[in-house]
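Chemist: Build me a structure from this.
(4 chains)
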Number of protein chains: 4
Amino acid sequence: MIITLKQNATAEEVSRLRSELEDQGFIIHPVEGTRYNILGLIGDTASLDARQIESLDFVDKVTRIQEPYKKANRKFHPDDSIINVGGALIGGGHFAVMAGPCSVETPEQVLETAKACKEAGATILRGGAFKPRTSPYSFQGMGPEGLELLELAKKETGLPIVSEVMDISQLQYFDNVDMLQIGARNMQNFTLLKEVGKMKKPILLKRGLSATYEEWLMAAEYIMSEGNEQIVLCERGIRTFEPKTRNTLDVTAIAMMHELSHLPIIMDPSHAAGMSRMVRPLSLASVGGGADGLMIEVHNNPAKALCDGPQALRPDQFNSLMKEVQALHNALIECTNC
Amino acid sequence: MIITLKQNATAEEVSRLRSELEDQGFIIHPVEGTRYNILGLIGDTASLDARQIESLDFVDKVTRIQEPYKKANRKFHPDDSIINVGGALIGGGHFAVMAGPCSVETPEQVLETAKACKEAGATILRGGAFKPRTSPYSFQGMGPEGLELLELAKKETGLPIVSEVMDISQLQYFDNVDMLQIGARNMQNFTLLKEVGKMKKPILLKRGLSATYEEWLMAAEYIMSEGNEQIVLCERGIRTFEPKTRNTLDVTAIAMMHELSHLPIIMDPSHAAGMSRMVRPLSLASVGGGADGLMIEVHNNPAKALCDGPQALRPDQFNSLMKEVQALHNALIECTNC
Amino acid sequence: MIITLKQNATAEEVSRLRSELEDQGFIIHPVEGTRYNILGLIGDTASLDARQIESLDFVDKVTRIQEPYKKANRKFHPDDSIINVGGALIGGGHFAVMAGPCSVETPEQVLETAKACKEAGATILRGGAFKPRTSPYSFQGMGPEGLELLELAKKETGLPIVSEVMDISQLQYFDNVDMLQIGARNMQNFTLLKEVGKMKKPILLKRGLSATYEEWLMAAEYIMSEGNEQIVLCERGIRTFEPKTRNTLDVTAIAMMHELSHLPIIMDPSHAAGMSRMVRPLSLASVGGGADGLMIEVHNNPAKALCDGPQALRPDQFNSLMKEVQALHNALIECTNC
Amino acid sequence: MIITLKQNATAEEVSRLRSELEDQGFIIHPVEGTRYNILGLIGDTASLDARQIESLDFVDKVTRIQEPYKKANRKFHPDDSIINVGGALIGGGHFAVMAGPCSVETPEQVLETAKACKEAGATILRGGAFKPRTSPYSFQGMGPEGLELLELAKKETGLPIVSEVMDISQLQYFDNVDMLQIGARNMQNFTLLKEVGKMKKPILLKRGLSATYEEWLMAAEYIMSEGNEQIVLCERGIRTFEPKTRNTLDVTAIAMMHELSHLPIIMDPSHAAGMSRMVRPLSLASVGGGADGLMIEVHNNPAKALCDGPQALRPDQFNSLMKEVQALHNALIECTNC
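Modeler: Modelled structure (predicted):
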């Protein structure tokens, strides 16, 4: 950590700060510049609050050199983490496809969709039972019953299931769910993060709409600091100024998160753009960019339910996309030697 | 609601959509353009999901004319709401000043700060017992004990208290707290919003870091839809590209929220910029812009605790700011007749 | 265009607006709602300023249904445009690779880099002679001499050249340059756009750092409205909240621009992230996402010039990337029938 | 400047970098950490390109300690600059009001508006002759004739005039204009900045829609580095996610720019929100926040021209706003002693 002092910092102020920091076990290296003096701090600064030091009258700014996350940090865990979701592997070369309906609605819908997804090559079944909705007047999901329908589909197809939990009070219903999803709006619901950190289930951690990479990894760190290190990151689009799409899928996140962390990262092209016709190009871009998997919304019969499935693919669309995903993925692997 | 159809929409598709919407009680006015046809929808469209209709292959886009919020809407509640927090009024001409420490730390700190705030003119005491922190390795607040210290200060000074609740599991400790604060990161914690919506206490609803005005009002609507209409909005800075300040205080929110809603709005200049020296100019800008109140961090002795209080004012700074706030506020009121 | 009237709009106001608009040749369809009345406008509204109508006291808002761009609009030009840059084709299935140094520095540098780029499969040589720099104290480019070096490299290798023009006063030097680049900061330099619109050369139009798709297409429209329809769009990263990369490459732009416009779109992964190690994953993501080409910075000897080439690939890195790009591109084409 | 080295940096690499930098006259202070080594650079680093050093394989990141701007920097010019625009002073306690029509249209419009503005207390007349418009199909301004009308109004009222120049080719028409405005879209038109830097006229430099404070000051530095130090900064709203207003006025810019620079800063509430009814609250917020002046659009007769003046005040509205501005400004000055 680098502390830049103001020009008018007095010797006494600086010496008080130095001894306080030395008492905390840090080693201090002062560097005198022409217009600024700086203090270089050596030691484990993860627990140090940069802004608190920055608030001192005689400090100009504080620059963090060391990342504030440890357990999620690639530097202390050089090998790729491989996450096992009821038998389906993610990361370290294992490509996962989570597919299924946005919301669980009926037994037929879930079962038919699940079967179609499995046939096309999905490795995990997704489906929402608790739905975070912007409006209190919108459908809020089927709740516990929805989870039961997913379990039924799991029995039928053998696909492990992933579903979103919005609050610790709902955790009691997730015993038979293989992977818990933390939604974008809950990425900094610290109470929830800590609680799932005490569980033994893999967690799918979606990125907040305006979260930086570091904030996202700090959210993972919350979970990991409680003992649960089975985390898969999921990029689902960030908020930008573009009104024509709901959000903007950030493919740079794939390579950057692979550099910063050992955790796998999958992409959600369905939520990102919010339109089914963008799912194909964004999925293929994600594969090209090196993603460890995809999360795609599929609905068995969007035509029947007239007003449904803004971003869902039909099973036949999903099936043909899977072929392209596979072809691109193979080309990428083969070419590593080309 | 305006539904713009694609050029290649077939008569059958359009007629199916029309009859489906008519079955839901809407009246449809079609308008034929040169390159687009549109359907004008008349009726209460608040519960209609625009994106679901937009997902139809033959629909180009859907434009909402009517706001999706009702109870928070100025159109159905033309008079300013006045919120009563343990005797302190906010809105409709009543200016509130919430002041106190960021985190509750010790009895002395809370009491001394509370007394100084009251003397300077604060009307409500603020203080954090449960703290949402970006890092799991940072101090997470004193918890229930912190609330007890606030209650002690309330008894001593008579100031009503406001404190943040992060999760429904913490609500049990807030019986003696006069106003519950929902933090920026929890603005869309819908489970929490619904739960405080069932309570009889006033709620301070902070704006999310990247939330639009409509998303903010929809969060208020979540609370109000459960029966609790005592809400004060609090703008605390939005995320922008500027690295020199933590966030950017949006003063336009004051006049816009007054136009869109009847709820009062106060400003938090301490969290916005994240530096104590910006609190004065941002407070005075807020008063000029028509805010219904301010929320300001004050710490009795930032010098003693060397590394504390990045954004807190000292009592003497707060005192002199209050004089300026008062002078500006008076000038504004007098001049309405000038 | 949809004009939503305020509830308190008087019959006289509305009738005055209607007759004014009818005088301009529009046909008006009024629709009466429960709480709003709207006017549907039929006719060519591209030249109508929505904000001017919105400024009327009795108007609530104005919604554009028809896009304000015509010549760049896919709707009026359904076939892909294919742009010919000195023999190299872009768009409609033709994939272009523009490669070369960020700044032209010496004859050796340009020649060696150009040869290496050609060998690896580049179809166009890029190089900057006029450089837009954030600081007046940074190197501003070689100017006209730099263009001469590029022409030399063109003679040696046969590669057509593209280079950036920053101001109409520089246009005199670009006679032998095959394609003019308009940089991100100049995307709304309307004087420059109009002037290159009068030329017969293809234009590479980079997207502004915070520009929407519509603003970008309106910039293209400026050029096209003067007669020059040979435009290639270039996405080079948008500004986001992420500090770890310079900008964020928006791959959704590829499919969206293909939908909205007939103009080809290429991607610049070098400028987007601003780090050479991100060029490979972003290039492959761009190919997967359907881009019509890439623009990549290559430098013959970054090691020699110690402090140079933040985002440039070495020739051998570029060569091996080109193989992967080719493999992915082939897999994509083959699979269209899979 | 702080250079953080990667863990795997070899002694040879570091020593090469050190000697290269020492050859450029910098003094290097190495600090060895547990997981990182850093190099502290002492000397004038303004001309050093941080990103170029960052591109080295063995460098982790580069942190600038010293600001890259000098002439605009408060540190080297502690006193407020006071800019004289044809007799009207701005900065250092002098409050300026620039008012007038958005576009110059007719002699009557300009003259009537100018007279009304002067009577109400404006100190400078604004008016656009060259208009940057998003669409090539919109009115592009009257050009040189428009400037002549402004000069006429100047003769009649004695008010100095400010008008926007979009390109160096237009500079020939600005001989009798007292202050040149550089628009937001041209904030980084470096050719134009350098050219007006050679002139002897005061410059009004608007902030780019997504520009940081540093980028804005670097644009000022471009002008100042050529010799012209008469610059007034103008904040006109930044792009945010809020769709209900055109842009978001950043009042924090006032205090921050006063801290970073000696240049005066005025606010443009008309362009910021893009609606006349927001001009009053945003003007008063700007005064409270400590602005050195305001720029406000006024139109003599918005009612006559039915579709005009989205954001313009009528003369009577402007007149009553000026009284409030004056009252607030006085209260602020008086209270400095309260």
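Chemist: And the helices in the stretch 101-250 of chain A?
Modeler: Assigned by DSSP state H, counting those that start in this stretch, the stretch 101-250 of chain A shows helices spanning A:107-120, A:144-157, A:190-197, A:213-225.
Chemist: Can I get the first one in PDB, CA atoms only?
Modeler: Extracted in PDB, the C-alpha atoms of helix A:107-120 (Å, rounded to 0.1, in the frame of the first residue of the first chain):
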ATOM      1  CA  PRO A 107     -44.900 -29.600 -14.400                       C
ATOM      2  CA  GLU A 108     -45.300 -30.000 -18.200                       C
ATOM      3  CA  GLN A 109     -43.300 -26.900 -18.900                       C
ATOM      4  CA  VAL A 110     -40.400 -27.900 -16.700                       C
ATOM      5  CA  LEU A 111     -40.300 -31.600 -17.700                       C
ATOM      6  CA  GLU A 112     -40.600 -31.000 -21.400                       C
ATOM      7  CA  THR A 113     -38.000 -28.200 -21.300                       C
ATOM      8  CA  ALA A 114     -35.600 -30.200 -19.200                       C
ATOM      9  CA  LYS A 115     -35.800 -33.200 -21.500                       C
ATOM     10  CA  ALA A 116     -35.200 -31.000 -24.500                       C
ATOM     11  CA  CYS A 117     -32.200 -29.300 -22.800                       C
ATOM     12  CA  LYS A 118     -30.600 -32.600 -21.900                       C
ATOM     13  CA  GLU A 119     -31.000 -34.000 -25.400                       C
ATOM     14  CA  ALA A 120     -29.300 -30.900 -26.800                       C
END
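Chemist: Tell me where the model's unsure across chain A.
Modeler: Within chain A, the segments meeting pLDDT under 70 span A:302-309, A:337-338.
Chemist: closest one to C:G141 among the helices of the stretch 101-250 of chain A?
Modeler: C:G141 lies closest, by Cβ to Cβ, to one member of the helices of the stretch 101-250 of chain A: helix A:213-225, at 33.0 Å. To be clear about C-beta, it is placed using only N, CA and C from the backbone, and glycine gets the same treatment.
Chemist: which one is the residue of the stretch 1-150 of chain A found nearest chain B nearest to, not counting chain neighbours?
Modeler: With Cβ to the nearest Cβ as the measure, the residue in the stretch 1-150 of chain A that lies nearest chain B is A:S55; the distance is 3.1 Å. Spatial nearest neighbour of A:S55, excluding adjacent residues (Cβ to Cβ, 6 or more residues apart in numbering or on different chains): B:P310 at 3.1 Å.
Chemist: A helix includes that neighbour, no?
Modeler: No. Going by DSSP: H, G, I helix; E, B strand; the rest coil, the assignment for B:P310 is coil, not a helix.
Chemist: How about the contacts made by it?
Modeler: A:51-52, A:54-55, B:274-276 (Cβ atoms under 8 Å, 6 or more residues apart in numbering or on different chains).
Chemist: which of the helices of the stretch 101-250 of chain A is buried the deepest?
Modeler: For the helices of the stretch 101-250 of chain A, average neighbour numbers computed from mean count of other Cβ atoms under 10 Å in any protein chain shown are highest in helix A:213-225, which has a mean of 24.
Chemist: elements contacting that one?
Modeler: Identification of packing neighbours for helix A:213-225 by 3 or more Cβ pairs under 8 Å, 6 or more residues apart in numbering or on different chains; DSSP states H and E yields helix A:190-197, strand A:203-206, strand A:231-235, helix A:252-260.
Chemist: which other residues reach the longest one?
Modeler: So that's helix A:252-260. Counting contacts by Cβ under 8 Å, 6+ apart, the residues touching helix A:252-260 from outside are A:67, A:73-74, A:207, A:213, A:216-217, A:233, A:235, A:263, A:265, A:267, A:286, A:289-291, C:242, C:244-245, C:248-249, C:272-273, C:277-278, C:281-282, C:285.
Chemist: Can you go through those and name the buried ones?
Modeler: A:67, A:73-74, A:207, A:213, A:216-217, A:233, A:235, A:263, A:265, A:267, A:286, A:289-291, C:242, C:245, C:248-249, C:272-273, C:278, C:281-282, C:285 (16 or more other Cβ atoms under 10 Å in any protein chain shown).
Chemist: what about the longest helix in chain A?
Modeler: Using DSSP state H, we find that the single longest helix of chain A is helix A:315-335.
Chemist: Now look at that helix and say if it contacts chain C.
Modeler: Yes. In this structure, helix A:315-335 sits against chain C according to Cβ under 8 Å from any Cβ of the partner chain; the contacting residues are A:323-324, A:327-328, A:330-332, A:334-335.
Chemist: Now that helix: buried residues?
Modeler: Judged by neighbour count using 16+ other Cβ under 10 Å, the buried positions of helix A:315-335 are A:315, A:317-322, A:324-329, A:331-332, A:335.
Chemist: before we move on, what about stretch A:76-91?
Modeler: With burial defined by 16+ other Cβ under 10 Å, the residues of stretch A:76-91 counted as buried are A:80-81, A:83, A:85-86, A:88-91.
Chemist: what do you get for stretch A:155-168?
Modeler: Judged by neighbour count using 16+ other Cβ under 10 Å, the buried positions of stretch A:155-168 are A:157, A:159-168.
Chemist: Just list whatever residues bridge to the residue lying closest to A:G33 once chain neighbours are set aside.
Modeler: Closest residue to A:G33 apart from its sequence neighbours, by Cβ to Cβ, 6+ apart: D:I42 at 4.6 Å. Assessed by DSSP bridges, D:I42 has beta-bridge partners D:I27.
Chemist: coming back round to it: quick one: which of the contacts of B:P310 is nearest B:L125?
Modeler: Compare each of those with B:L125 using Cβ to Cβ and the shortest gap goes to B:S276, at 18.9 Å.
Chemist: Kindly tell me how buried the closest one is, as a neighbour count.
Modeler: A count of nearby residues for B:S276, using other Cβ atoms under 10 Å in any protein chain shown, gives 23.
Chemist: distance of it from D:I82?
Modeler: Taking Cβ to Cβ, to the nearest Å as the measure, B:S276 and D:I82 are separated by 29 Å.
Chemist: Please apply the same query to A:I182.
Modeler: Taken as Cβ to Cβ, the spacing of A:I182 relative to D:I82 amounts to 55 Å.
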